[in-house]
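Chemist: coordinates only, sequence not included:
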């Protein structure tokens with residue numbers, strides 16, 4: 001059974017020695033947990049979603065966050081069940097200096113640009129569709145009876161990030177720093193993925 005937000009709120013308040021919710025209200029703690037869940041999911045890429053993006057003829061850039069409102073970052077793109085290669089703008093430029101003016105029949109590369117742009121290259125001359133798999137924004141947790149979006153193994157990371165935030169709020173910087181250092185080590189393996 002999934003962990004509920006209320007259980008996480010209680011655990012975090014216990015961790016920061018405020019079980020009575022006198023220094024941090026349960027509503028405020030739930031909001032901090034909600035942001036912590038979004039942050040941990042963005043790093044670990046646990047909650048994902050796949051949707052179809054309709055390609056426009058001769059268009060390279062797509063404001064992806066306007067099309068998919070719960071978009072955080074593209075992980076994979078497929079065209080006709082063929083995976084497109086992920087690259088960077090520098091890699092795209094090095095492999096093909098005139099890439100902004102090239103069009104083709106089948107896209108081969110995708111480039112996430114910033115937080116809300118996606119390049120599909122070469123731009124199909126006739127349009128088409130691609131399936132974009134992306135990290136999904138878990139959104140705001142609406143109440144304590146709502147199940148957490150991340151699986152149970154990610155809950156500890158959420159609790160520690162939320163507790164570090166509350167420790168900073170109560171000016172207990174040594175406890176906050178210890179939790180942040182621990183999180184840094186545990187999340188280090190996700191940095192290079």
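Modeler: Yes, it's here. Being a predicted model, the structure only gives us computed values, none of them experimental. Residues are numbered from 1 along each chain as shown.
Chemist: residues near residue 104, how many?
Modeler: Residues near residue 104, counting by other CB atoms under 10 Å, number 11. In this view, the C-beta of every residue, glycine as well, is placed from N, C-alpha and C.
Chemist: How about residue 149?
Modeler: 21.
Chemist: do residue 53 as well
Modeler: Residue 53 - counted by other CB under 10 Å - has 21 other residues nearby.
Chemist: Distance of it relative to residue 132?
Modeler: 5 Å (CB to CB, to the nearest Å).
Chemist: was I right about residue 72 contacting residue 134?
Modeler: Yes - Residue 72 lies in contact with residue 134 (CB atoms under 8 Å); the separation is 6.6 Å.
Chemist: partners of the lowest-mean-pLDDT helix or strand in the chain in the sheet?
Modeler: Of all helical and strand segments in the chain, the minimum by mean pLDDT, DSSP states H and E falls on strand 103-104, at a mean of 80. Applying DSSP bridges, strand 103-104 is found paired with strand 123-124 (parallel).
Chemist: quick one on the thing from earlier: joint contacts of residue 53 and residue 132?
Modeler: 64, 68, 118 (CB atoms under 8 Å, 6 or more residues apart in numbering).
Chemist: Touching, the second one and residue 137? I think so.
Modeler: No - no contact is recorded between residue 68 and residue 137 when judged using CB under 8 Å, the distance being 9.4 Å.
Chemist: what's the domain layout of this protein?
Modeler: 5-45+138-190, 48-136 (automatic domain parsing).
Chemist: Please settle this for me: is residue 35 part of a helix?
Modeler: Yes - judged by DSSP: H, G, I helix; E, B strand; the rest coil, residue 35 forms part of a helix.
Chemist: From residue 134, how far out is the spatially most central residue of the chain?
Modeler: Closest to where the C-alpha atoms of the chain average out (CA atoms, centre = their mean) is residue 42, at 2.5 Å. Distance of residue 42 to residue 134, computed by CB to CB: 11 Å.
Chemist: shared neighbours of the two, anything?
Modeler: In contact with both residue 42 and residue 134: 72-73, using CB under 8 Å, 6+ apart.
Chemist: Spell out which helix or strand contains residue 167, please.
Modeler: helix 152-169 (DSSP states H and E).
Chemist: can you give me the angle the helix or strand following that helix makes with helix 152-169?
Modeler: Note on helix 152-169: by DSSP H and E, the next helix or strand toward the C-terminus is helix 173-187. Inter-element angle recorded for helix 173-187 and helix 152-169: 150 degrees (by axes from the mean of the first three to the mean of the last three CA atoms, to 10 degrees).
Chemist: so what secondary structure elements neighbour helix 173-187?
Modeler: helix 26-44, helix 152-169 (3 or more CB pairs under 8 Å, 6 or more residues apart in numbering; DSSP states H and E).
Chemist: Next secondary structure after the first one?
Modeler: Pointing back at helix 26-44 there. As assigned by DSSP H and E, the chain's next helix or strand after helix 26-44 is strand 48-55.
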